[in-house]
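**Q** What follows is a predicted structure for the sequence shown.
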Amino acid sequence: MAAPRFAALGGGGWLGGALVRAALSAGVIAPATTVVTSRRGAVDGFEAFAGLGMTADNRQAAAQADVVLVAVRPGDIDALDADLSGKLVLSVMAMVPIDELAGRFGCRRIVRAMPNAAAGRLKSFTPMVAGEALDEQDRRFAEAFFAASGIAEWLPDERALDYFTGLTGSGPAFFAALAAAMERDAVARGFDAALAARAIRQLLAGAAEELAGERSPSELVSIFKDYRGTTAAGLTAMEEHGLDPLVRAMLEAAERRAAGLT
Ligand SMILES: NC(=O)C1=CN([C@@H]2O[C@H](COP(=O)(O)OP(=O)(O)OC[C@H]3O[C@@H](n4cnc5c(N)ncnc54)[C@H](OP(=O)(O)O)[C@@H]3O)[C@@H](O)[C@H]2O)C=CC1
Ligand SMILES: O=C(O)[C@@H]1CCC=N1
């Protein structure tokens, strides 16, 4: 697949930058045919990619591209001036549906994808939804682009994407919140904050590797429960304090926000 002319609107941010760097490193796009836009006109983080263009002019960057990534925050979309008709458009914006993208930017070939904050570590899980006018080549390009920063999979429709926006798009934040709560508890019990931080980070890194192994999360929980010891006591307390309803409420709230209902 030859590298297309590529414009990343807002592509220097946390997520956009991670996606563009991963795709450049994988050879899915090429520095000489890639332009990253920002309001300042220049962004850091692309020093390794000589020849890559930067500009504040979204309209011109898009006009010269075959494929356009839209990666500004949803609240900044009104200021995004670009005609994307005839382009393959990849949007990672939460809360902006395909119909709205088509209406605002005049595009028809649209992929909505929802990577997560692990894209910079090439560990994103990225669900994608295809707009109706996509052809097979567009699909292959979107798969290659998002697979460069992790695992990319198609979902059937935008309702499913709304759910996954909470589940995996926001997911890293939910684990961060649990880790932060554990840290707060340790500090509240009088332990040194730096010690607690080191302990929790190592705990998370190890637990993540274990969870990425052969045994499923529920298998692991069941094995731990069999000891009938300290872990089982903690797990039972989690259940008794409403772990499942808490998770349901968390994911429902994120889904409703993704769908524009709150
Ligand atoms: N972060 C995450 O974990 C995830 C984010 N998303 C979605 O990705 C999108 C980007 O998020 P993220 O990268 O974290 O946000 P950032 O704020 O880090 O990046 C947004 C970028 O957009 C640029 N920008 C804003 N307005 C314009 C404009 N008018 N023209 C050109 N560039 C502009 C900003 O640069 P400057 O200020 O210099 O203009 C900035 O670099 C959001 O829509 C979000 O919903 C989706 C899944 C996960
Ligand atoms: O919080 C947000 O709105 C975006 C979408 C998923 C992660 N970040």
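**A** Right, received. Where do you want to start? Ligands and ions are numbered 1, 2, ... in the order given.

**Q** now the strands for the stretch 1-150 of the chain?
**A** Along the stretch 1-150 of the chain, the stretches classed as strands by DSSP state E, counting those that start in this stretch are 6-9, 34-37, 53-55, 67-70, 88-91, 109-113, 124-130, 150-154.

**Q** Quick one: closest of those to Arg257.
**A** If you check each of those against Arg257 by Cβ to Cβ, strand 109-113 wins as the nearest, at 15.6 Å. Using the backbone N, CA and C atoms, a C-beta is placed for each residue, glycine as well.

**Q** For the stretch 151-262 of the chain, what lies in contact range of ligand 1?
**A** By Cβ under 6 Å from any ligand atom, the part of the stretch 151-262 of the chain that sits against ligand 1 consists of Gly169.

**Q** Show the low-confidence segments of the stretch 151-262 of the chain, by residue range.
**A** For the stretch 151-262 of the chain, no stretch has pLDDT under 70.

**Q** near ligand 1, which residues of the stretch 1-150 of the chain show up?
**A** Proximity of the stretch 1-150 of the chain to ligand 1 (Cβ under 6 Å from any ligand atom) is limited to residues 9-10, 12-16, 37-40, 58, 71-74, 76, 79-80, 92-94, 114-117.

**Q** From ligand 1, how far off is Glu210?
**A** Glu210 sits 24 Å away from ligand 1 when distances are taken as Cβ to the nearest ligand atom, to the nearest Å.

**Q** Now that residue: closest residue in space, sequence neighbours ignored.
**A** For Glu210, the nearest residue in space outside its immediate sequence neighbours is Leu220; the separation is 7.1 Å by Cβ to Cβ, 6 or more residues apart in numbering.

**Q** Hmm, that neighbour is touching Ala207, no?
**A** No - using Cβ atoms under 8 Å, Leu220 makes no contact with Ala207, being 9.3 Å away.

**Q** wait, isn't Ala26 in contact with Ala148?
**A** Yes - because the distance of 3.9 Å satisfies Cβ under 8 Å, Ala26 is recorded as touching Ala148.

**Q** which one of the two has more residues nearby?
**A** Legend: neighbour count by other Cβ atoms under 10 Å for Ala26 and Ala148, higher for Ala148 (24 against 14).

**Q** ok, now which ones touch the more buried one?
**A** Leu19, Ala22, Ala23, Ser25, Ala26, Val28, Leu122 (Cβ atoms under 8 Å, 6 or more residues apart in numbering).

**Q** out of these, which are buried?
**A** Using 16 or more other Cβ atoms under 10 Å as the burial test, the contacts of Ala148 include Leu19, Ala22, Ala23, Val28, Leu122 as buried.

**Q** Helices along the stretch 101-250 of the chain, start to end?
**A** Secondary structure of the stretch 101-250 of the chain (DSSP state H, counting those that start in this stretch): helices at 136-147, 158-164, 171-188, 193-211, 217-226, 230-240, 243-258.

**Q** quick one, the first one and strand 109-113 angle?
**A** So that's helix 136-147. 20 degrees (axes from the mean of the first three to the mean of the last three Cα atoms, to 10 degrees).

**Q** Check which residues of helix 136-147 are buried.
**A** Within helix 136-147, the residues that count as buried by 16+ other Cβ under 10 Å are Asp138, Phe141, Ala142, Glu143, Ala144, Phe145, Phe146, Ala147.
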